[in-house]
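K.L.:
build me a model:
(2 chains)
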Amino acid sequence: MFIKTLISKEHFMRGIFFTAALVSIFAVALICVFLFAQGIPAIGRIGIMDFLLGQRWAPTAAEPAFGILPMILGSLYVTAGAIILGVPIGIFTAVFMARMCPNRLYRLIKPAINLMAGIPSVIYGFFGMVVLVPVIFDVFGRRFGMMSGQTMLAASILLGIMILPTVISIAETNIRAVPQELYEGAVALGASHERAVFKVVLPAARSGVMAAVVLGVGRAIGETMAVRMVAGNQAVLRMPHEFFKGVRTLTTNIIMEMGYVEHGSIHFGALIATGVVLFVFILIINTLFSILNARGGIK
Amino acid sequence: MIVFIRRRKVADWLRFILVWGSAFITVALLLCLMGFILIRGIPHIKPSLFAFTYTVENQSLFPALVTTLIMVGLTLAIAVPFGIFTAIYLVEYARRGSRSVRVIRMTTETLAGIPSIVYGLFGYIFFATWLGWGKSLLAGCFTLAIMILPVIMRTTEESLKSIPDSYREGSFSLGAGKLRTVWRVTLPSAAPGIFAGIILAVGRIVGETAALMFTIGSVIQMPQNLFSQGRTLALHVYQLSTTGLYTEQAYATAVVLLIVVLGINYLSASVERRFLRRLG
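P.N.:
So this is what the prediction gives:
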């Protein structure tokens, strides 16, 4: 009897479901193992300080150098630019959708935001290439002696657009989650609708809105193709104020050079290690996001 | 007092402008992007773009379209069962809040956050090199399958959760076991929601480039078998636009890609709407 139940269909399928559930754990483990196994030795051979803080990236030079500081900073600059440009618009749009939008309009805008999230990054990149880059060159090119419109600025603007749907949908959900009583209380005390939303509802959704920003950071830092198509990709150390110059990020460093790198060389290892650094960045950002999002959900 | 009230009114007015203005900018950006590509691209769509083979004279997108369809089919075939089974385990079998649930959910969130270029690196190292598949359709779709697993899992989980417990209780009280309840009651009721999630995943597959570049390669040809290299539509747009020689064709291909994405989005939204209406 006992054995019969043990091998019954119920138990068998339960086992199948459980095994399937383990696949995601297995996949994460596999990704970590393979990336780290190839990346860490390369970092070791280059020297961790020379790798992370080295200012020169010249993998094919006679005296090769594998410093990714320009790319780390490049990623940070471009992401910061995207946040500065995209987050205010994103959050206010989220406020609009959660609290101010007439119902009929909402039924049009919500699908539009979803569509924006669904547009492939290569389309954004193409748009950046044929519109953004020439426009930037036309407007600022002569005055600032630019060589091309492929700049840090172009990448920041494009990423600012691309993170909008992410920021909007997470922020909207969390602004909606604020209890209606808070809003009603504020209005009962004489606040206008706008004042109640801005001074009561929005501060109450603070963690959730921060979570939206953090996820936006994750999207921006991980974006590859669109940045590759507009950023110029020079592996040169830049200062934050040089936003009219080209820049290379961690992601584009990989995509630019994986095509021709000799498999198994130290250059190859350095590219994988670049991916490892990116991966670590993303892990930190994700952890931050789950903490903030969980806190946003309690309220 | 009057000044005070007026200042408050000005502040409200500013907030109003800020909020409506931002929403307007967001929508305007989307319309501008789509409008620009559609208006500039549609005139370049010619029948020759859909010729059977790609040649230097005629940059046909047909092989890329076929490759994309094959990739969608294969990737879904791998990822959908795992995604749905995982969700079934999490919602129907596991004790809520147990350790295994928490670990599985954490890893799925990690998977969802990993940038596609990292998947590309992993796919190249593991599937293409370590398993020795080379750059191939197979390596590409396994890479994408891991990538879309969290999408399918999460949407299935949400739809299963939205099925009222009374359905399950009804089934149990009629004498059905757990498995039969899942198979005959919960899963069919949740099917439209799951389907909407799968369509969303199709969108990810169709639009993906960074994860595919080093896993399926970029040779444009009709795929011969699972181990041949290929180029999807999105990769094709990338290659055409970055070489700088085929801007017209890049526009036209971008339009085709955009229309495919629009179609997928519309489908997903309408399925989801029907699902929500049915749940009432």
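K.L.:
when you work out contacts or count neighbours from here on, use the C-alpha atoms and nothing else.
P.N.:
Will do.
K.L.:
three-state assignment of the residue of the stretch 51-200 of chain B found nearest chain A?
P.N.:
Distances between the stretch 51-200 of chain B and chain A by CA to the nearest CA are smallest at residue B:86, namely 4.1 Å. What DSSP: H, G, I helix; E, B strand; the rest coil gives for residue B:86 is helix.
K.L.:
the nearest residue to it once chain neighbours are set aside sits in which helix or strand?
P.N.:
The shortest distance from residue B:86 to any non-neighbouring residue, by CA to CA, 6 or more residues apart in numbering or on different chains, is to residue A:21 (4.1 Å). Element membership for residue A:21 (DSSP states H and E) is helix A:9-46.
K.L.:
flag every buried residue along whichever helix or strand comes after that helix.
P.N.:
Sequence-wise, the next helix or strand downstream of helix A:9-46 (DSSP H and E) is helix A:48-53. For helix A:48-53, a neighbour-count test (16 or more other CA atoms under 10 Å in any protein chain shown) marks A:50-52 as buried.
K.L.:
ok, stretch B:126-133 next?
P.N.:
In stretch B:126-133, counting by 16+ other CA under 10 Å, buried: B:126-129, B:133.
K.L.:
how many residues are close by residue 24?
P.N.:
I'll assume chain A. 27 (other CA atoms under 10 Å in any protein chain shown).
K.L.:
please go with chain B instead
P.N.:
Neighbours of residue B:24 under the rule other CA under 10 Å: 15.
K.L.:
likewise residue A:35?
P.N.:
A count of nearby residues for residue A:35, using other CA under 10 Å, gives 23.
K.L.:
what about residue B:211, helix or strand, and which?
P.N.:
Counting by DSSP H and E, there is no helix or strand that carries residue B:211.
K.L.:
what does the one helix or strand residue B:171 maps to rub up against?
P.N.:
Here residue B:171 sits within helix B:165-173, counting by DSSP H and E. Contacts to helix B:165-173, defined as CA atoms under 8 Å, 6 or more residues apart in numbering or on different chains, come from residues B:178, B:181, B:185-186.
K.L.:
repeat that with 6 Å
P.N.:
residue B:181 (CA atoms under 6 Å, 6 or more residues apart in numbering or on different chains).
K.L.:
distance between that helix and the chain's centre?
P.N.:
33 Å (CA atoms, centre = their mean, to the nearest Å).
K.L.:
likewise for stretch A:119-132?
P.N.:
That offset, for stretch A:119-132, works out to 17 Å (CA atoms, centre = their mean).
K.L.:
can it be found next to chain B?
P.N.:
Yes. Using CA under 6 Å from any CA of the partner chain, we find that stretch A:119-132 touches chain B at residue A:120.
K.L.:
just the buried residues of that stretch, please?
P.N.:
Under 16+ other CA under 10 Å, the buried positions of stretch A:119-132 are A:119-130, A:132.
K.L.:
possible to save these as CSV with distance to residue B:201?
P.N.:
As requested, the buried residues of stretch A:119-132 are exported to CSV (distance: CA to CA, whole Å):
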residue, distance to residue B:201
A:119, 13
A:120, 12
A:121, 15
A:122, 17
A:123, 18
A:124, 19
A:125, 21
A:126, 22
A:127, 23
A:128, 25
A:129, 27
A:130, 28
A:132, 29
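K.L.:
between those residues, which is closest to chain B?
P.N.:
Minimum separation from chain B among the buried residues of stretch A:119-132 (CA to the nearest CA) is found for residue A:120, which lies at 4.4 Å.
K.L.:
just the helices in the stretch 101-250 of chain B please.
P.N.:
For the stretch 101-250 of chain B, the helices defined by DSSP state H, counting those that start in this stretch occupy B:116-123, B:137-161, B:165-173, B:178-181, B:187-207, B:233-243, B:247-279.
K.L.:
name the helices or strands packed onto the longest one?
P.N.:
Meaning helix B:247-279. helix B:2-41, helix B:187-207, helix B:233-243 (3 or more CA pairs under 6 Å, 6 or more residues apart in numbering or on different chains; DSSP states H and E).
K.L.:
circling back: was I right about the residue nearest to residue B:86 contacting residue B:84?
P.N.:
No. Look at residue A:21 against residue B:84 with CA atoms under 6 Å: they stay out of range, at 9.2 Å.
K.L.:
where do the domain boundaries of chain B fall?
P.N.:
As recorded under automatic domain parsing, the domains making up chain B are B:2-44, B:47-279.
K.L.:
what's the most buried one of those domains?
P.N.:
Highest mean neighbour count among the domains of chain B (mean count of other CA atoms under 10 Å in any protein chain shown): domain B:47-279, with a mean of 20.
K.L.:
residue in the stretch 151-280 of chain B nearest to chain A?
P.N.:
Closest point on the stretch 151-280 of chain B to chain A, by CA to the nearest CA, is residue B:207, at 4.4 Å.
K.L.:
now that residue, nearest residue through space, not along the chain?
P.N.:
Per CA to CA, 6+ apart, closest to residue B:207 is residue A:120, 4.4 Å.
K.L.:
now do residue B:6, the pLDDT please.
P.N.:
Per-residue confidence at residue B:6 stands at 66 (pLDDT).
K.L.:
tell me what the helix holding residue A:21 is packed against?
P.N.:
helix A:266-298, helix B:62-88.
K.L.:
turn those helices into CSV, columns for mean pLDDT and distance to residue B:200.
P.N.:
As requested, those are exported to CSV (pLDDT from 0 to 100; distance: least, CA to CA, whole Å):
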stretch, mean pLDDT, distance to residue B:200
helix A:266-298, 86, 22
helix B:62-88, 93, 11
